[in-house]
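>>> Quick check, what structure comes out for this input:
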Amino acid sequence: MPALMPGGPRPIPPLDALPAYHVPHASAPIDLALHGNEGPAPAPAILGALDDVETLRRYPSAAALEAKLAARLGVPAAHVLVTAGADDALDRTFRAYLAGGWGRREVILPSPTFVMLPHYAKVVGAEVVQVPWPAEVFPEDAVRAAITPDTRAIALVTPNNPTGAVIAPEVIQRIAAAAPDALMMVDLAYGEMAAIDVSAAARACPNALVYRTFSKAWGLAGARVGYVEGPPHLLAPLRAVAPPFAVSGPSLALANARLQMGDAGLGAYVASVQNERVHLFMALAELGTPVRSQANFVFARLASPAHAVRLRDALAAVGIGIRAFPGDPELADSVRITCPGDVASMDRLVSALNNAARDGASPKLQEER
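Numbering: from 1, shown residues only. Predicted coordinates for the structure are as follows:
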């Protein structure tokens, strides 16, 4: 953030020097982008949803999409709120449940986790209580031990971003029962790719909201449409802090059209991802220590932060973009790679990773220690 002149306008204290969201990319040009975890390209026919000029002329309504989603989930329409991406829903949740000057407000974040969760906490001045969750096994006992009378929310991201690890449905319910006065934020952005569906378990918790998105398995990251499911009284504050007409008409039209197309393409994509995860895990095991993932990506820790950046740049040199985390004290030695979703791209990726291993771009973690 640029320095402010003495005596000039100043932001609220939590925003003083808080940086905006930024992904550090390699400098080489990329034609195979595997750093953002986007899903498959939707069928071109979806663009027919934009033919009606009234979609642009009129203020939008999300009611039709909310009704379709509610029917799909088997819940009343009042239990679904469509938002401008799941990020919008999470942002609203922090503002509605964790903002203000009413005593200490803690949010428990099993970490590493989705980067925007601690960011939103900082924006509203909430206290972040981090519980380490470095690999597959979820730290249930440590999360429950971290609950205090000041706990206002607990964020449970499953499959987790950036690791792809999952939380069992019974664990979600036990944590929710252990903190009945705290909001359970159950983020299922990658839920379609997981082997176990935890949505029913989360839905059964009276203090839970469930967050979903069209940006991943549904392939509409550019449309920015998400939704949150839960009891109407928990959703009411999120509706209250929303701007008017938060989701654009064209985005709603595209999401409606994609939902109308059904699950056929979705199932094929998920099956492809499940297969690719195995091969990507094996390729990354030659470079470092990967985590077994149930999302559409695989995460691995390498020998050092320098090795992580070196691998990112080596793949960028052949046009492949992957995610590294330089400067992040928790993730600087790590990379995250999206499953491409097609055979040719997967072959290209594995070949590039094998070349990196042969060239010594990032020797195995255990060999460096």
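>>> ranges for the strands of this protein?
For the chain, applying DSSP state E gives strands covering 32-34, 80-83, 106-111, 127-132, 151-157, 183-187, 208-213, 226-229, 289-291, 297-301, 320-324, 334-338.
>>> List the residue ranges of the stretch 251-369 of the chain that fall below the pLDDT cut-off.
Within the stretch 251-369 of the chain, the segments meeting pLDDT under 70 span 360-369.
>>> now the helices for it?
Along the stretch 251-369 of the chain, the stretches classed as helices by DSSP state H, counting those that start in this stretch are 264-285, 305-316, 343-358, 365-368.
>>> would CSV of the ones you listed with mean neighbour count be doable?
The way it works is simple: take the backbone N, C-alpha and C, and place the C-beta from them, glycine included. What follows is the helices of the stretch 251-369 of the chain, written out as CSV (neighbours: other Cβ atoms under 10 Å):
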stretch, mean neighbour count
helix 264-285, 17
helix 305-316, 21
helix 343-358, 16
helix 365-368, 12
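>>> for those, which one sits closest to His119?
When the helices of the stretch 251-369 of the chain are compared for distance to His119 using Cβ to Cβ, the nearest one is helix 305-316, at 21.1 Å.
>>> With only the CA atoms kept, save the closest one in CSV.
Extracted as CSV, the C-alpha positions of helix 305-316 are listed here (Å, rounded to 0.1, in the frame of the first residue of the first chain):
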residue,chain,number,x,y,z
PRO,A,305,11.6,-22.3,-1.0
ALA,A,306,14.3,-21.9,-3.7
HIS,A,307,13.4,-25.3,-5.1
ALA,A,308,9.7,-24.5,-5.2
VAL,A,309,10.4,-21.3,-7.2
ARG,A,310,12.9,-23.1,-9.4
LEU,A,311,10.3,-25.8,-10.3
ARG,A,312,7.7,-23.1,-11.0
ASP,A,313,10.1,-21.3,-13.3
ALA,A,314,11.3,-24.5,-15.0
LEU,A,315,7.7,-25.4,-16.0
ALA,A,316,7.0,-21.8,-17.0
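>>> what sits up against it?
25-28, 30, 287-288, 302, 321-326, 332-335, 349, 352-353, 355-356, 359, 361-363, 368 (Cβ atoms under 8 Å, 6 or more residues apart in numbering).
>>> Please state the offset of it from the chain centre?
23 Å (Cα atoms, centre = their mean, to the nearest Å).
>>> Would you mind getting the angle between that helix and strand 320-324?
160 degrees (axes from the mean of the first three to the mean of the last three Cα atoms, to 10 degrees).
>>> can I see the domain layout of this structure?
Following automatic domain parsing, the chain resolves into domains at 13-40+264-368, 51-261.
>>> How about the contacts made by Pro169?
Ile196, Val198, Ala200, Ala201, Ala202.
>>> So which of those is the closest to Gly341?
Taking Cβ to Cβ as the measure, Gly341 lies nearest Ile196 of the contacts of Pro169, at 21.6 Å.
>>> and the gap between the closest residue to Glu140 other than its chain neighbours and Ile196?
Closest residue in space to Glu140, ignoring its immediate chain neighbours: Val171 at 5.1 Å, by Cβ to Cβ, 6 or more residues apart in numbering. Here the criterion is Cβ to Cβ, to the nearest Å. By it, Val171 lies 11 Å from Ile196.
>>> Format the helices of the stretch 251-369 of the chain as CSV; extra columns: distance to Val124.
Shown next, in CSV, are the helices of the stretch 251-369 of the chain (distance: least, Cβ to Cβ, whole Å):
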stretch, distance to Val124
helix 264-285, 34
helix 305-316, 30
helix 343-358, 39
helix 365-368, 37
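>>> Between these, which one is closest to Gly125.
The nearest among the helices of the stretch 251-369 of the chain, by Cβ to Cβ, is helix 305-316 at 30.2 Å.
>>> What angle do helix 343-358 and the closest one make with each other?
Angle, helix 305-316 to helix 343-358, by the same axes, to 10 degrees: 140 degrees.
>>> For Pro290, list the residues it contacts.
Leu280, Phe281, Leu284, Val298, Phe299, Ala300.
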